[in-house]
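Peer 1: Based on what follows, work out the 3D shape:
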Amino acid sequence: EWRERHAARRGYLFFGTPNQRSTAQPERDFYIYFIQPNDAPVFKDEKRTDEVFWRLVKADDDFHLTLKRYAAALDLAATSSGQDKKTYEDKAKETSNTMVQWLLQHITTAFEVTCQGVSRTVAEWAKSGQVSISLSSSKLNVRDLVNLVSSICLAPSFQNDAPDYPTFSVTITNDNRAQAAQDAIRWIRGVTKTQQATAVLDALELLDGERLSAGGSRYANFILELLRKKGSGQVLNRGELINEDHGVEYMATDRYRLEPEWVAVLLAALVFNGDLVLAIPGKKFDASMLDALAATSIDDLSRFKYIEFPKDWNTPALKLLFELVGLEPGKAILVTQGGSAADAIVAQELTPKIVEMVNRLVMAQQMLQSGLSFWGTSLYADDERSEFLARIASAKGFLESAQAFNNPGKLKNFNVETATIQGHLAALDTLKEVEAIQILVTDLNPLASYCSQAALALPSEHAWVEKMRDLQAQNIAQLKSPTKRNQPGFRQQVVQSLAQLKKEYQTIYSGLHTKARLNLNEDKRKVALLHDPRLEQLRKLATIELMHAGQLSEFQNRLIGLKTCFALTESNLQVAPVCPHCGFKPAAEPIAINAGGQINQLDQELDGLVSDW
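Peer 2: Just a heads-up that it's a prediction; the model follows:
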């Protein structure tokens with residue numbers, strides 16, 4: 001591990017000396033040699049920065065004696081058979097375990113580690129790297145200890161090979177690099193934001209706080225600079241960006257030394273930002289295809305074919321898009337200029353406006369489907385309504401697809417024809433018209449509904465009912481005419497006419513109600529008449545079969561049938577067209593003379609009836 005950068009390097013651990021290593025093995029970043037403790041071959045230490053030598057130099061007599069017993073046991077086991085052979089093999093295993101335990105206890109002082117001609121014990125190298133080690137009190141094993149100390153020794157070599165390599169906040173190994181890169185690409189897409197993915201993007205200088213920003217990454221800018229040098233309309237092939245160093249692929253071998261997985265992450269960020277188009281076998285990815293890019297394996301992305309700049313900004317179409325959702329077309333120009341202002345315009349203005357417009361279109365669609373009506377009459381003919389619905393559905397579908405272009409990078413790939421967007425401008429006019437009519441109808445319907453209920457309460461032949469029907473026909477005709485309904489003051493004119501009609505009804509109804517109902521004084525006369533001595537005489541006489549009892553019953557029914565109501569107020573009639581106290585409906589109760597007059601008439605009839613009987 002390159003401890004300062006938390007990244008693994010590729011190299012060899014070799015048991016023997018440099019002149020024993022096969023030259024057929026390709027070169028790598030480092031070489032760790034364990035030199036034979038006895039009779040080591042002669043070799044020249046070239047004091048290279050990428051070589052580390054481990055030597056056992058302080059083995060005591062106990063260790064040497066155990067080693068001799070181990071060798072003797074192996075030698076005897078090789079020339080023995082049967083039970084003797086097994087006995088010697090057990091002895092060899094026993095002495096081997098003893099040596100291992102000795103080495104574990106003495107590794108920090110018994111081994112001498114040499115790098116660039118400097119020789120120190122394991123403990124001294126660890127101290128120089130500001131690392132405290134203790135095999136007995138920690139989980140550090142021999143493998144980790146060898147890697148740790150060798151890493152301290154090799155740090156200058158790693159720095160020299162890749163001076164601008166990224167610094168990660170989590171440890172990246174050869175085994176987890178591919179997964180970390182895949183996680184980072186998913187983070188770019190916005191799928192999952194793991195700690196490992198954040199660490200990768202931060203190391204590659206692709207984050208500005210919690211926001212993805214490729215503009216500040218020297219690695220991303222290096223790629224863009226190579227692409228710019230290709231000239232207009234040219235592509236940058238993979239082989240021009242990634243080179244081999246002894247069979248291992250890197251970008252900028254002598255400077256960044258980035259593995260292909262990190263290059264894939266950088267390319268994904270640049271695609272997201274709209275800076276380039278990435279081509280792999282059989283497919284191209286631009287900013288509008290991030291879902292597909294995130295679903296592609298890191299292995300496929302690392303083996304990309306080429307990259308190229310996206311097409312130039314479709315400025316006329318962008319201006320029309322801004323106009324379609326009610327934003328100033330000039331803001332589209334600001335988006336093409338990039339920077340934080342462009343991000344803010346898209347995130348805080350364009351995207352919310354598109355969502356708002358889609359919601360308005362959905363509401364208009366629902367209103368048209370349910371039928372916009374006034375006074376029980378649909379304001380649109382079937383063919384006109386079908387045309388409006390088709391126009392609104394088409395615009396809604398277009399804007400729903402435009403929601404995917406939610407950052408400047410994606411908008412750079414907005415390749416819609418201007419004629420298509422212009423075709424949707426008519427839907428905007430339709431939307432405004434439908435919304436205006438809905439607001440107007442919503443305002444007028446309460447008055448219209450009141451008048452309709454009032455007409456049911458009055459006799460159908462009443463002059464007020466005829467007047468209402470005339471006004472109804474007139475208002476519906478005007479609402480159906482765009483010219484009429486869009487005239488200034490139209491709404492106020494209709495509201496005034498309906499309010500006047502309502503007021504006239506209230507006057508008529510109040511008069512009829514007064515005529516049809518007894519007031520307080522008249523109600524007292526009715527009660528008195530029901531208990532009148534004359535009526536009592538007639539009830540007694542009615543028991544004689546000779547008398548016409550039916551005359552008395554008819555008289556009493558007429559008297560009892562007189563209704564009393566003196567609670568109706570003007571505010572009652574503002575809410576409903578019928579008295580809430582007695583439910584009086586003139587259409588159901590024809591009135592010849594008023595109720596008070598009927599009391600006087602019944603009083604006179606009672607005198608006549610008594611006289612006759």
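Peer 1: contacting residues around residue 386?
Peer 2: Counting by CB atoms under 8 Å, 6 or more residues apart in numbering, residue 386 makes contact with nothing. In short, each C-beta sits where N, CA and C put it, glycine included.
Peer 1: quick one: buried residues of the host helix or strand of it?
Peer 2: Under the criterion of DSSP states H and E, residue 386 resides in helix 382-402. Neighbour counts over helix 382-402 (16 or more other CB atoms under 10 Å) mark 385, 388-389, 391-392, 394-396, 398-399, 402 as buried.
Peer 1: now stretch 189-208
Peer 2: For stretch 189-208, using 16+ other CB under 10 Å, the buried residues are 196-201, 203-207.
Peer 1: can you check stretch 104-121 too?
Peer 2: Under 16+ other CB under 10 Å, the buried positions of stretch 104-121 are 106-108, 110-115, 120-121.
Peer 1: contacts for it?
Peer 2: With CB under 8 Å, 6+ apart as the test, stretch 104-121 has contacts from 45, 47-49, 51-59, 63, 103, 122-123, 125-126, 128, 133, 135, 142, 145, 149-150, 153-154.
Peer 1: Buried only: go through the residues you listed for me.
Peer 2: Applying 16+ other CB under 10 Å to these flags 49, 51-56, 59, 63, 122-123, 125-126, 133, 135, 145, 149-150, 153-154 as buried.
Peer 1: So which residues of the stretch 251-400 of the chain form strands?
Peer 2: Per DSSP state E, counting those that start in this stretch, the stretch 251-400 of the chain carries strands over the ranges 277-280, 283-285, 306-308, 373-374, 377-378.
Peer 1: Kindly report which one of those strands carries the lowest mean pLDDT.
Peer 2: Sorting the strands of the stretch 251-400 of the chain by mean pLDDT places strand 377-378 lowest, at a mean of 76.
Peer 1: longest helix in this structure, by residue count?
Peer 2: helix 418-457 (DSSP state H).
Peer 1: Now do whichever helix or strand comes after that one: distance to the chain's middle.
Peer 2: Using DSSP H and E, the helix or strand that follows helix 418-457 in sequence is helix 463-480. On the basis of CA atoms, centre = their mean, to the nearest Å, helix 463-480 sits 50 Å off its chain's mean C-alpha point.
Peer 1: I'd like to know which elements helix 463-480 is packed against.
Peer 2: strand 373-374, helix 418-457, helix 482-485, helix 490-516 (3 or more CB pairs under 8 Å, 6 or more residues apart in numbering; DSSP states H and E).
Peer 1: how about those, which one is nearest residue 248?
Peer 2: For the helices and strands packed on helix 463-480, the distance to residue 248 is smallest for helix 418-457, at 49.3 Å, taking CB to CB.
Peer 1: now that closest one and helix 490-516, what's the angle there?
Peer 2: Helix 418-457 and helix 490-516 are oriented at 10 degrees to each other (axes from the mean of the first three to the mean of the last three CA atoms, to 10 degrees).
Peer 1: in helix 418-457, what's buried?
Peer 2: Neighbour-count burial for helix 418-457, counted by 16+ other CB under 10 Å, picks out 421, 424, 427-428, 430-431, 434, 437, 440-441, 444, 447-448, 450-451, 454-455, 457.
Peer 1: What would stretch 325-337 look like as CSV? C-alpha coordinates only.
Peer 2: Taking C-alpha atoms only, stretch 325-337 is exported to CSV below (Å, rounded to 0.1, in the frame of the first residue of the first chain):
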residue,chain,number,x,y,z
VAL,A,325,-42.5,27.2,-19.7
GLY,A,326,-42.8,31.0,-19.2
LEU,A,327,-39.2,31.9,-18.6
GLU,A,328,-37.2,34.6,-20.4
PRO,A,329,-35.5,33.1,-23.5
GLY,A,330,-32.4,35.1,-22.7
LYS,A,331,-31.7,32.8,-19.7
ALA,A,332,-31.0,30.0,-22.2
ILE,A,333,-27.9,31.9,-23.3
LEU,A,334,-26.7,32.1,-19.7
VAL,A,335,-27.0,28.3,-19.5
THR,A,336,-24.8,27.8,-22.5
GLN,A,337,-22.1,30.0,-20.9
